[in-house]
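>>> build me a model from this:
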Amino acid sequence: MSMLTDDKTRTDLLNRLKRAEGQLRGIQRMIEEGQPCQDVASQMAAVRKALDSTYVRMTVCFMEQELGAHLGANTKGRKQLSEVLGEVQTLLGKVR
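Take a look at the predicted model:
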């Protein structure tokens, strides 16, 4: 299985995961402090959405990287691929 080779993409994904990690710590504190279940559930839903969004982003970046490698240096093809995958990411974002 290939790895993501773009440093910008990896940094973006890591930043998203760090934010989710902070949200999870906040949820743990909420539970320790006895916050209402409705509030805890709301924060859990936010973390799930953040992780789902990160997964979709990683998948689309991987697809762009791998398909782009098969297209070679064809700039027009890469631009079209990027546009289509951007639309795919938007569509997948609406499923969550």
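>>> residue contacts, Cys61?
Cys61 makes contacts with 4, 6, 9, 13, as judged by CB atoms under 8 Å, 6 or more residues apart in numbering. The way it works is simple: take the backbone N, C-alpha and C, and place the C-beta from them, glycine included.
>>> no wait, Arg10
The neighbours of Arg10, taking CB under 8 Å, 6+ apart as the test, are Leu4.
>>> buried sites along stretch 20-40?
Under the neighbour-count criterion of 16 or more other CB atoms under 10 Å, stretch 20-40 has 20, 23, 27, 30, 40 buried.
>>> over to stretch 48-62?
50-51, 53-54, 56-58, 60-62.
>>> where do the strands sit along the protein?
Read by DSSP state E, the chain holds no strands at all.
>>> and the longest helix for it?
helix 37-71 (DSSP state H).
>>> tell me the mean pLDDT for that helix?
Regarding helix 37-71, the rounded mean pLDDT is 91.
>>> off-centre distance for that helix?
Its chain's C-alpha centre and that of helix 37-71 lie 3 Å apart, by CA atoms, centre = their mean, to the nearest Å.
>>> ok, stretch 21-36 next?
Computed by CA atoms, centre = their mean, the chain-centroid distance of stretch 21-36 equals 22 Å.
>>> residues making contact with that stretch?
Outside stretch 21-36, the residues that touch it by CB under 8 Å, 6+ apart are 39-40, 43-44, 46-47, 50.
>>> could I get those residues as JSON lines with distance to Gln80?
Listed next are the contacts of stretch 21-36 as JSON lines, based on distance: CB to CB, whole Å:
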{"residue": "Asp39", "distance to Gln80": "45"}
{"residue": "Val40", "distance to Gln80": "44"}
{"residue": "Gln43", "distance to Gln80": "39"}
{"residue": "Met44", "distance to Gln80": "39"}
{"residue": "Ala46", "distance to Gln80": "34"}
{"residue": "Val47", "distance to Gln80": "35"}
{"residue": "Ala50", "distance to Gln80": "30"}
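>>> most widely separated two among the residues you listed?
Using CB to CB, the contacts of stretch 21-36 span at most 16.9 Å, a distance reached by Asp39 and Ala50.
>>> for the chain, identify the residue most remote from the centre.
With distances taken from the mean C-alpha point of the chain and given as CA atoms, centre = their mean, the most distant residue is Gly34, at 30.4 Å.
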